[in-house]
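Colleague: sequence and predicted structure, then a few things I'm wondering about:
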Amino acid sequence: MWKFLLPVAAFVALAVLFAFGLNPNRDIHALPSPLIGKSAPLFNLTDVMDPARVVSNAALRGQVYMLNVWGTWCYACRQEHEALLDIARQHVLPIVGLDYMDQREKAQQWLTQLGNPYSAVAFDTDGRTAIDWGVYGAPETFLVDGQGRVIYKFISPMTPEVWQHDFLPRIEAARRSGA
Amino acid sequence: MKEAVAARAAFSALLATLLAAVLGAVLAASSTPVHAQAPRAVDDYGQLQDPALQARFEHITVQLRCLVCQNESIADSNVELASDLRRQVREMLVAGQSDDAIFKFMTDRYGEFVRFNPPLETKTLFIWGAPFVMLLLGVLIVYRIVRQRSRMPLDDEPAPGSM
């Protein structure tokens, strides 16, 4: 009995391991964020468009908002830009930008040429805010509820499908629960 | 007469000492830079001035994963994020933070995956324990095979009971 059962069990275990490990849809670079469920790190940075203006997420307390990390050096950010503009036109929630590892002039040019989906764009001069948020690339998009807790993180370019399936239900749920 | 000579010798000795002191002070003053700076914690090459801190810095950074290039440590990687994280580690060391506090800072933001050397706890028991379980399994299998074979007759030996 054991002679038969053991190899079969070993085979099944290996098959399961491979099915998980070799799944082509699994993005090995998308890591779970330890920030989910915790309060969003606060930042006080200057606005990309107007260095005299301060962008702070403490002021957004009480409303659900999205934080989108991007940079002009990031090709995938250009890909998702149209989707962000589309989301902004729906006026569902404020989109705050975090311009990461970038130059202010380039970022200004980008926003003027491609359109600006953001209610404000914070300029992360030295990458410290990005470290606080556990950012390791761009684009990354966070969802923060009214109590200032991070409820979701998406690593990859935003698309209308992702917005529909991953973001909208979570935004509605957060609003329903009064958060 | 003798007393006068002794007094003169004592006086000249005193004078020499005073002169030497003044000369020493002048030399010392001229060797210090005019615009003195506070001692820097890090030199131009990013090395911490305190060798003990630099040793801890090297020990910590090889254990932190660069999340951009995943199989490199932040000590090895040239990516901008790695250099930002090295700066963070340096600053925390200079501020007198413990190694544990630095690792906690990183895992709070990037998760356990950032550590190449995860601490032994209930949820990491499997990854730490698996090699030993595998070894035990191997020993068991070898033991069984050896025992089985030792019960088998050798090729040039007549099987028991065949004669």
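Modeller: Received, thanks.
Colleague: can you map out the helices along chain A?
Modeller: For chain A, applying DSSP state H gives helices covering A:2-21, A:75-89, A:104-114, A:128-132, A:160-162, A:168-176.
Colleague: CSV for those helices, including mean pLDDT, distance to chain B and mean neighbour count?
Modeller: Yep, even glycine has a C-beta here, placed from its N, CA and C like the rest. Formatted as CSV, the helices of chain A follow (pLDDT from 0 to 100; distance: least, Cβ to the nearest Cβ, whole Å; neighbours: other Cβ atoms under 10 Å in any protein chain shown):
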stretch, mean pLDDT, distance to chain B, mean neighbour count
helix A:2-21, 91, 10, 9
helix A:75-89, 96, 14, 17
helix A:104-114, 96, 15, 15
helix A:128-132, 96, 6, 20
helix A:160-162, 96, 21, 12
helix A:168-176, 95, 20, 14
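Colleague: mind giving me CSV with the ones you listed and columns for distance to residue B:96?
Modeller: Converted to CSV, these look like this (distance: least, Cβ to Cβ, whole Å):
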stretch, distance to residue B:96
helix A:2-21, 43
helix A:75-89, 39
helix A:104-114, 34
helix A:128-132, 19
helix A:160-162, 44
helix A:168-176, 40
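Colleague: compute the first-to-last residue distance for stretch A:126-144.
Modeller: In stretch A:126-144, first residue to last residue: 23 Å (Cα to Cα, to the nearest Å).
Colleague: show me how far it is from its chain's centre.
Modeller: 8 Å (Cα atoms, centre = their mean, to the nearest Å).
Colleague: quick check: buried residues in it?
Modeller: A:127-144 (16 or more other Cβ atoms under 10 Å in any protein chain shown).
Colleague: looking at the helices of chain A, which is nearest to residue B:87?
Modeller: For those, the distance to residue B:87 is smallest for helix A:128-132, at 9.1 Å, taking Cβ to Cβ.
Colleague: what's that closest one packed up against?
Modeller: In terms of contacts (3 or more Cβ pairs under 8 Å, 6 or more residues apart in numbering or on different chains; DSSP states H and E), helix A:128-132 is packed against strand A:95-100, helix B:80-94.
Colleague: of the ones you listed, flag the one that's most buried.
Modeller: Highest mean neighbour count among these (mean count of other Cβ atoms under 10 Å in any protein chain shown): strand A:95-100, with a mean of 25.
Colleague: report the angle between that strand and helix A:75-89.
Modeller: Relative orientation of strand A:95-100 versus helix A:75-89 (axes from the mean of the first three to the mean of the last three Cα atoms, to 10 degrees): 160 degrees.
Colleague: what's the mean pLDDT across strand A:95-100?
Modeller: For strand A:95-100, mean pLDDT is 96.
Colleague: convert the C-alpha atoms of it to PDB, please.
Modeller: Extracted C-alpha coordinates of strand A:95-100, given in PDB (Å, rounded to 0.1, in the frame of the first residue of the first chain):
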ATOM      1  CA  ILE A  95      -6.100  60.900  -7.500                       C
ATOM      2  CA  VAL A  96      -3.000  62.100  -5.800                       C
ATOM      3  CA  GLY A  97       0.200  61.700  -7.800                       C
ATOM      4  CA  LEU A  98       3.600  60.900  -6.300                       C
ATOM      5  CA  ASP A  99       6.400  61.900  -8.700                       C
ATOM      6  CA  TYR A 100       9.300  59.500  -7.900                       C
END
